[in-house]
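Visitor: Provided below for reference: sequence and predicted model.
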Amino acid sequence: MSENKQIVADIDRSLYDFKDVENEKDFYRMEEGLTKETVLKVSEEKNDPEWMRDFRLHCLDLYEQIKMPNWGPSIEGLDMDRISSYVRHKSDMKGKWEDVPEDIKNTFEKLGIPQAERESLAGVGAQYDSELVYHNVKDEVAAQGVIYTDLESALHGEYADMIKEHFMKLVPPTDHKFAALHGAVWSGGSFVYVPKGVKVDIPLQSYFRLNAAGAGQFEHTLIIVDEGADLHFIEGCSAPKYNVANLHAGCVELFVGKNARLRYSTIENWSKNMYNLNTKRALVEENGIMEWVSGSFGSHTSYLYPMTILKGNDSKMEFTGITFAGKGQNLDTGAKVVHQGERTTSVISTKSISKDGGIGTYRSSVTIQKTAKKAKASVSCDSLMLDSISRADTIPAMDIRTDDADVGHEAKIGRISDEAVFYLMSRGISEEDAKAMIVSGFANPVSKELPLEYAVEMNNLIKLEMSGH
Amino acid sequence: MNADLNMKVNVLPVYTYNFLHVNDSTINSSDIKIDNFSTPSANSLPNGVELKKDVSFEEAGSIFRKNKDRIMVSTGVPGEPNGDTSGRDDGQALRTGMGIDVDKLMIELGVKTDIFTVSENTKVSEPIILHYDMADGEGSLSAQVVHACKNSEVTVIMDYNSDKDASGFLGVSTRLLAEEGARITLVKTQLLGKEFLHFDDIGAACFDKGEVKLISLELGGKQNWNGCYTNLVGKESAFNCDMGYLCRDDHSLDLNYVADHRGKKTNALMQFKGVLMEEAQKTLRFTIDFKNGSAGSAGDEQEDTLLLSPDVVNRTMPIILCQEEDVDGRHGATIGQLGEDLLFYMQSRGIDEEEAKRIMIKARLESVSRLIPDDELSQKVQYYIQGIV
Amino acid sequence: MSEQSLLQVKDLSVSIDNELPILHNINLDIKPGETHVLMGPNGAGKSTLGFTLMGNPHYNVTDGKIIFEGQDITDLSTDKRAKAGMFLSFQNPYEVPGISLSSFIRNAYHAQTGAPVKLLAFQKQLKAAMEILSMDESYADRDLNVGFSGGEKKKAEILQLLMLSPKFAILDETDSGLDVDAVRTVSKGVEEYQKKKDGALLIITHSTKILESLHVDYTHVLVKGNIVHTGDGTLVEEINEKGFERFIQD
């Protein structure tokens, strides 16, 4: 019963924060820092085709040229000279769970990944540090022609051309400094192709675990949902907490074909030493539907604004997001949408919660180009302040270049009212629970968009944050 | 004399994505002819108002500099918003919407300031009216300070006119101080010719229960910049703003409005109603900033924009910054063309589409012009609006 | 006497947010199974008494005590009072988006009893209670009070009263703003509460509509923060006919 969410057992933070001692001899770790040599070494490790090696070097040049953005959270604490951009276990990727090395298997088992796969997923990919360690698709899904594999093997296989055609075309390395960085040192991630008309009934999932201290994770996810196809893809992230900065600069490129639908759900719970500078973008063709569900709980610093380009006529996008900024966190999140096609529709609805000195910033842009006749866009963002030492900022932008558009925008900022707490307490609920209940209710529009296990996980995370430990 | 203008103005209180090109605006114009450096004389000076003419811009700022500790009262809690730009205007005697480059221009060109001081407990019923009747090709820069002492009330009306085809330049800086319990109503109506370059920069500070009310209409001009920054310093101080605009041809309007809530139980209500036609471009930045310590405050920013041509560009940045739990902040915007339902309703009453548009343009602008507390000017503006539609 | 008292209010004085005092030297003694009515003109402080008994932190007890089942609860937090068996039906119930009415009642039930909620039995009980109150079943799944009309909100309060079965319930203006049919439905719910449990009631009202079909033991008249008169159930009728004038002149 989803209604039971409020009554959940106490949460054990160690669920995410356990550290597995990495036995050094089992791991290959690139030296810290970013130079032409390290980039070439990554390329060699990955056995890149030539075009990819050249592309990496080109990206490194761009990375050195592009300036840091002047508008976001500070990333002073991130010193690239102290980040190792590549760490992998010395064994290869496995297609069978039993074959995954014991230490890594333990980690994922603690996170509940194999169990989830057995129960409710069509396929699972698991990345540990820089490499995929496990990949599996259910037979019946594979039989429909669905490809779900790691990007590296796809680069050398049947779909090599398709990847070359799409790789970093939607997010060009010139986009911003960390897109360039990603292009130079990307490693791991998944390639998904859903053929025409194929509807995948149960979700595919990728789980990213960054276990090494002082390392970067740069996985690349490329998903192509062909005409009339339908997919739900789930991404989970976690890492144990270290005292040194970790960096996540992944990149997600999503291509949604004509009449196709893609739902992309994320529960991000990186540890609070993580710099999460992630870029996600979707291109939607005629009558296609892109749905984002995004929960941001972890990280020290986040820059995250999934972007949708509504290229085809009648294409649609829906973004539902929640951000919980607690102690020591500066989470700058939101969404971007560009309307190009006629009668395109976008709905952005976000919730943000700030507590214990956390900084939560909602940042967005809605662009309606001249060609987007009869486009409709609506934005609503609610912020909840739980004390007066935190920040909740709302920085939206709208750029409208046709009269034939209908744009609505609503933002609210407020707090938990004393009256509401008193009302709940008058029914015997403790103050702490009353507040947690109100916050869960506030987050409900997001959690109800998630599959049940994830909704429960999200409510657990809220409860954990609310208890203030 | 002729001057080159190269100013960065209307800087967003917090930067956002650069690809939007909204973080600031530039006034870049060379060889501008400027004939006039002072404020036109008022119709008559009501009792209780003292006028000090032709004070240097810097000297006129001393009233704000003297109160700087009060106006810029520190909140004590660290933590700037991401992309904070507040340090940029530190050199201003009083922070204004357009920012420090206006001050620099005024000082450099030796613009004189008129200081209107309203003595304590004086409620001036007659408005002070400053008519700017600009000739074709004329250029003018002027500055005013309105200082309303405790429990006083005053209305200042500034009315900018020229022939409808005239060209020229008009730049105005108006700084306001509403002391405890004082109320200042500032009315600005801009009916300049279609080749005019115009900017209007406002800064205000309100002490306990002090109140500033701004009624502003931007109806003419070719390139227009407006900024208004209100420091709600005192407990229960308030800022109330009704702005109407009409932008047509290839004209542009660039706006930056900020309500800075520092005192407890402060209140800001900003409403923008406008119409964009032909190839007009408008950028509206408006910010409610709840600083730590502004408990019990409320801020509301509303925009209603009617788009009447496929070639308009409408940019809106409705920002809410918040570092205080006990506040109520909201924003709403409706942007689009005439609603189909409304159009259908009007057509069912025999009104065609063109007429319906005219009615809706008038409705938006007249809801602001009706607030002008001077019948003659209110009628003049309504007549002007009718002349356009 | 006092041994069997359920609620005793002794010389209670109250101010709001430490400003001017609203209630002065209030005394009440309510025994199990009794129904007390608190009447008085607008602004007399009736709701203040309800909020104070329930422990709203904005209402400060400046003097006196509240004793519930022999225990001094004057400083007890609101949730603990609820757990002890007190209930307040709010005049303006709060809207809580994201939590359904049924899940909220389940949460409250769980919080008060500590016992796990048996889902099927709970749903059956809820359905029965909603039937008594002529509430459409769909309300169970709607967000708590969100978008409910005035009447629906009051019914939802009485629904909670029936489901949580407190020992002592305060009904604050439960009849205000309701039409005749709604008042009848609500008072049917209150009768049900009187019937099935030896529970006591304090009904705060400024009209008498809700009292018509209920048995009343005592009537207190509150004027300007003082209880100026206490009588039996017949006082309700007198006030119904003649209003409060007699007491205000006192």
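Guide: Thanks, I have the structure now.
Visitor: Geometrically speaking, which residue is the centre of the chain?
Guide: In the absence of a named chain, this looks at chain A. The centroid of chain A falls nearest to A:T266 when counting by CA atoms, centre = their mean (5.0 Å).
Visitor: Not quite, go with chain C.
Guide: By CA atoms, centre = their mean, chain C has its centre lying nearest to C:I170, at 1.9 Å.
Visitor: I'd say that one and C:G55 touch.
Guide: No. Counting by CB atoms under 8 Å, C:I170 does not reach C:G55; the two are 11.6 Å apart. Heads up, the C-betas are built off the backbone N, CA and C, glycines and all.
Visitor: that older thread, what's the pLDDT at the residue nearest to the centre of chain C?
Guide: Here the pLDDT value assigned to C:I170 is 95.
Visitor: cool, A:S440 as well?
Guide: A:S440 is given a pLDDT of 88.
Visitor: In a helix, it, correct?
Guide: Yes. Assessed with DSSP: H, G, I helix; E, B strand; the rest coil, A:S440 lies in a helix.
Visitor: what about it, distance to chain C?
Guide: Distance, A:S440 to chain C, by CB to the nearest CB, to the nearest Å: 7 Å.
Visitor: what's the residue of the stretch 151-300 of chain B found nearest chain A sitting at in phi/psi?
Guide: Residue nearest to chain A within the stretch 151-300 of chain B (CB to the nearest CB): B:N292, separated by 5.9 Å. In terms of degrees, to the nearest 10, the main-chain angles of B:N292 are phi -60, psi 130.
Visitor: Count the residues that sit near it.
Guide: Neighbourhood size, B:N292 [other CB atoms under 10 Å in any protein chain shown]: 20.
Visitor: go on, A:E98?
Guide: 6.
Visitor: give the contact list for whichever residue of chain C sits closest to chain A.
Guide: Residue of chain C nearest chain A, by CB to the nearest CB: C:G98 (2.7 Å). C:G98 makes contact with A:S440, A:G441, A:F442, A:A443, A:N444, A:P445, C:D143 under the criterion CB atoms under 8 Å, 6 or more residues apart in numbering or on different chains.
Visitor: I'd assumed A:E291 was in contact with the residue nearest to the centre of chain A.
Guide: No. A:T266 is not in contact with A:E291 according to CB under 8 Å; the separation is 11.8 Å.
Visitor: I'd guess the residue nearest to the centre of chain C is in a helix, am I close?
Guide: No. Remark: C:I170 does not belong to a helix; assigned using three-state DSSP, it is strand.
Visitor: Would you mind naming what in chain A lies close to chain C?
Guide: Applying CB under 8 Å from any CB of the partner chain, we find that chain A lies next to chain C at A:1, A:3-4, A:6-7, A:417-420, A:422-431, A:433-434, A:437-438, A:440-445.
Visitor: Output the below-cut-off pLDDT ranges for chain C.
Guide: Within chain C, the stretches with pLDDT under 70 are C:1-3, C:196-197, C:249-250.
Visitor: Which part of it gets nearest to chain B, residue-wise?
Guide: For chain C, CB to the nearest CB, closest residue to chain B: C:D17, 12.4 Å.
Visitor: now that residue: how far from C:T48?
Guide: Distance, C:D17 to C:T48, by CB to CB, to the nearest Å: 12 Å.
Visitor: what about these two, which has more around it?
Guide: C:T48 (23 against 9).
Visitor: if I read this right, that one contacts C:H58, doesn't it?
Guide: No. Applying CB under 8 Å as the test, C:T48 and C:H58 come out as separate, 9.9 Å apart.
Visitor: burial measure for C:L7, as a count.
Guide: 24.
Visitor: Tell me what it is bridged to.
Guide: Bridge pairing for C:L7 (DSSP bridges) gives the partners C:I30, C:F68.
Visitor: now swap in the one 5 residues further on and tell me
Guide: Assessed by DSSP bridges, C:L12 has beta-bridge partners C:I26.
Visitor: Could you measure from it over to C:G45?
Guide: Distance, C:L12 to C:G45, by CB to CB: 11 Å.
Visitor: list the residues that contact both of these two?
Guide: Common neighbours of C:L12 and C:G45 (CB under 8 Å, 6+ apart) are C:L23.
Visitor: Surely A:G357 forms part of a strand?
Guide: No. Read with three-state DSSP, A:G357 is coil and lies in no strand.
Visitor: Hmm, A:A392 and it touching each other?
Guide: No. Assessed by CB under 8 Å, A:G357 is found out of contact with A:A392, at 12.0 Å.
Visitor: out of the two, which sits in the busier spot?
Guide: Per other CB under 10 Å, whichever of A:G357 and A:A392 has more neighbours is A:A392, with 34 against 18.
Visitor: thought that one was touching A:S352?
Guide: Yes. Judged on CB under 8 Å, A:A392 makes contact with A:S352 at a distance of 6.1 Å.
Visitor: Please identify every residue contacting each of the two.
Guide: A:G360, A:S383, A:L384.
Visitor: Of those residues, which are in range of chain B?
Guide: Among the shared contacts of A:A392 and A:S352, the residues that sit close to chain B (CB under 8 Å from any CB) are A:S383.
Visitor: Show me the shared contacts of A:A392 and A:S352 that map onto strands.
Guide: The strands, defined by DSSP state E, take in A:G360, A:S383, A:L384 from the shared contacts of A:A392 and A:S352.
Visitor: For chain C, just list every one of the helices.
Guide: Ranges of helices within chain C are C:46-54, C:78-84, C:101-113, C:119-132, C:150-164, C:180-196, C:234-242, C:245-249, based on DSSP state H.
Visitor: For the last one, give me every contacting residue.
Guide: Defining contact as CB under 8 Å, 6+ apart, one finds that helix C:245-249 is touched by C:G40, C:P41, C:V221, C:V223, C:V228, C:H229.
Visitor: If we use 6 Å, what do you get?
Guide: C:V221, C:V223, C:V228, C:H229 (CB atoms under 6 Å, 6 or more residues apart in numbering or on different chains).
Visitor: so where's the longest helix in chain B?
Guide: Under DSSP H, chain B gives helix B:353-369 as its longest helix.
Visitor: and that helix, is it in reach of chain A?
Guide: No. Under the criterion of CB under 6 Å from any CB of the partner chain, chain A is not reached by helix B:353-369; the shortest gap measures 10.8 Å.
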